[in-house]
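> Sequence first, then the predicted structure, then my questions.
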Amino acid sequence: MIKNLEQIKRLISNDIGIDLGTANTLVYLHGKGVVINEPSVVAVNQKTGRVVAVGKDAKQMLGRTPGHIVAVRPLVDGVISDFEVTEEMITYLLNKAQKSNKKLLGPRVVVGVPSGITNVEIRAVRDATKNAGASEVYIVEEPMAAAIGMRLPIMDPVGNMVIDIGGGTTDIAVISLGGVVRSKNLRVAGDKLNNDIISYVRSEFKILIGEKTAENIKISIGAILPGDEPLEATIRGRDLISGLPREVVITDSDIREAISQSINTLVDGIKEVLETTPPEVLADVMQRGIFLAGGGALINGLAEIIHEYTKIPVHTALDPLTAVCRGTGIILENMEQYKDVLITNKDELPPKK
Ligand code: ADP
Ligand code: MG
């Protein structure tokens, strides 16, 4: 019976999963997979208040806009900084995802949100998604969605530990029986590492580099543990004293020094969660390992350093950047099985430490 009802709903409305990340927004369309993967950036005309561009197009405009157009990231540090812009972004995504195949009813949407989100923000996401045309809205915490995307047995009575390292936030969560047993939300993630690199280059080389440059060198030569060969990159920036452009060569060892403090914070956060995890669940985690997702999981050597400090095996998701979005897709396709992991109100969640 339930199965038939599900089939009917699927015929008359699209099922869509959204990973509303601080850095990247991904959309899953039932039957198609991940159909949209764009930066979480919206360009707004401040004179009219209207959205001019979303995603890649808006990111292109960053730093190149005339005074009255501003490019904003609607989710700063994992919280919704601008409700209207978020709504416009969701509208754009829903339209784009269903452009060739609109159905009778508005889509049923599962939205992944950062675990640090408050009740007010959950309501804001729900309202924004409804206003954007959804017929039904379900909310799931991102570490839960990431765990489902990695096909971890989160509904079983066994402890699963997931760390989702995104742009603005790192979510550390221990999950069992479809619920979050312990979790922690850190503001140390990819963006912080970029800022660490900018600060380091400013103080060591006396040049100013942009965020994009910092991110590029983090990705190209960043490594938490030294390799056999040193890595180098040439970066261009503005000399702080002369004001003119200058080039310097930066090495992986510079990057290591720049980001070491943040990596320590991350490892300490993981240890804290482990220290307060109940012994039975901890035993499961020690045996099954820690699972990494999110773009930050791709930093070279991160899995090794976490293993070194915790003595627990560490596994990185096959495609860490899409784990949350794939998780929302799996939820959509197995609504009955996963209905208990969806949240309507933060009060319904088990108590957190
Ligand atoms: P969010 O979920 O917050 O949108 P993502 O999971 O999309 O974040 O991850 C974005 C972050 O991952 C950015 O800070 C980006 O610099 C970082 N990132 C992406 N690829 C790599 C890589 N190969 N090495 C290191 N960091 C990476
Ligand atoms: Mg994310």
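Perfect, thanks for sending it. Ligands and ions are numbered 1, 2, ... in the order given.

> show me where the chain has helices.
2-12, 56-61, 83-97, 119-131, 142-149, 190-205, 211-221, 252-275, 279-288, 302-310, 323-333, 335-338 (DSSP state H).

> Of these, flag the one that's most buried.
helix 142-149 (a mean of 31; mean count of other Cβ atoms under 10 Å). Backbone N, C-alpha and C define where each C-beta goes, glycine included.

> Find the least confident helix or strand in this protein, judged by mean pLDDT.
Within the chain, confidence by mean pLDDT, DSSP states H and E is lowest for strand 79-80 among all helices and strands, at a mean of 64.

> sorry, back to before: the helices of the chain: which one's closest to G159?
Nearest of the helices of the chain to G159, taken as Cβ to Cβ: helix 279-288 at 3.5 Å.

> Now do the closest one, average pLDDT.
Average pLDDT, helix 279-288: 98.

> Check stretch 205-213 too.
Per-region confidence: stretch 205-213 scores 94 on mean pLDDT.

> right, is that stretch up against ligand 1?
No: if you take Cβ under 6 Å from any ligand atom as the test, stretch 205-213 misses ligand 1, and the best it gets is 9.6 Å.

> can you tell me the distance between the two ends of that stretch?
This stretch, stretch 205-213, spans 15 Å end to end (Cα to Cα, to the nearest Å).

> Contact residues of the stretch 151-300 of the chain facing ligand 2?
G166 (Cβ under 5 Å from the ion).

> and the residue of the stretch 151-300 of the chain nearest ligand 2?
Per Cβ to the ion, G166 is where the stretch 151-300 of the chain lies closest to ligand 2, at 3.8 Å.

> pretty sure that residue contacts R187?
No: at 10.8 Å, G166 and R187 do not qualify as touching, with contact defined as Cβ atoms under 8 Å.

> still on that earlier bit, residue contacts, the residue of the stretch 151-300 of the chain closest to ligand 2?
By Cβ atoms under 8 Å, 6 or more residues apart in numbering, the contact list for G166 reads G21, T22, A23, G78, P114, E142, A189, G190, G294, G295, G296.

> out of the residues you listed, which is most surrounded?
Tallying neighbours with other Cβ atoms under 10 Å puts E142 at the head of those, with 33 neighbours.

> The residue lying farthest from the centre of the chain and K206, how far apart?
The centre of the chain is farthest from one residue, S242, which by Cα atoms, centre = their mean lies 38.7 Å away. Remark: distance between S242 and K206 (Cβ to Cβ, to the nearest Å) = 10 Å.

> for L298, same thing?
30 Å.

> again with N24
From N24 over to K206 the distance is 33 Å, taken as Cβ to Cβ.

> Also S13?
Distance from S13 to K206, counting by Cβ to Cβ: 58 Å.

> I165 too?
30 Å.

> hang on, the earlier thing: who's in contact with the residue nearest to the residue of the stretch 151-300 of the chain closest to ligand 2 when sequence neighbours are not counted?
Spatial nearest neighbour of G166, chain neighbours left out: G294 (4.5 Å); criterion: Cβ to Cβ, 6 or more residues apart in numbering. Contact partners of G294, counting by Cβ under 8 Å, 6+ apart, are A146, I163, D164, I165, G166, T170, A189, G190, P320, L321, A323, V324.

> Surely the fourth one is in contact with G190?
Just to be clear, that refers to I165. Yes: at 6.9 Å, I165 counts as touching G190 under the criterion of Cβ under 8 Å.

> joint contacts of these two?
Shared contacts of I165 and G190, defined by Cβ under 8 Å, 6+ apart, are found at G294, G295, G296.

> So which of the residues you listed reach ligand 1?
G294, G295, G296.

> Could you tell me which residues of the protein lie near ligand 1?
Counting by Cβ under 6 Å from any ligand atom, the chain comes close to ligand 1 at 21-24, 40, 166-168, 190-191, 215, 218-219, 294-296, 298-299, 321.
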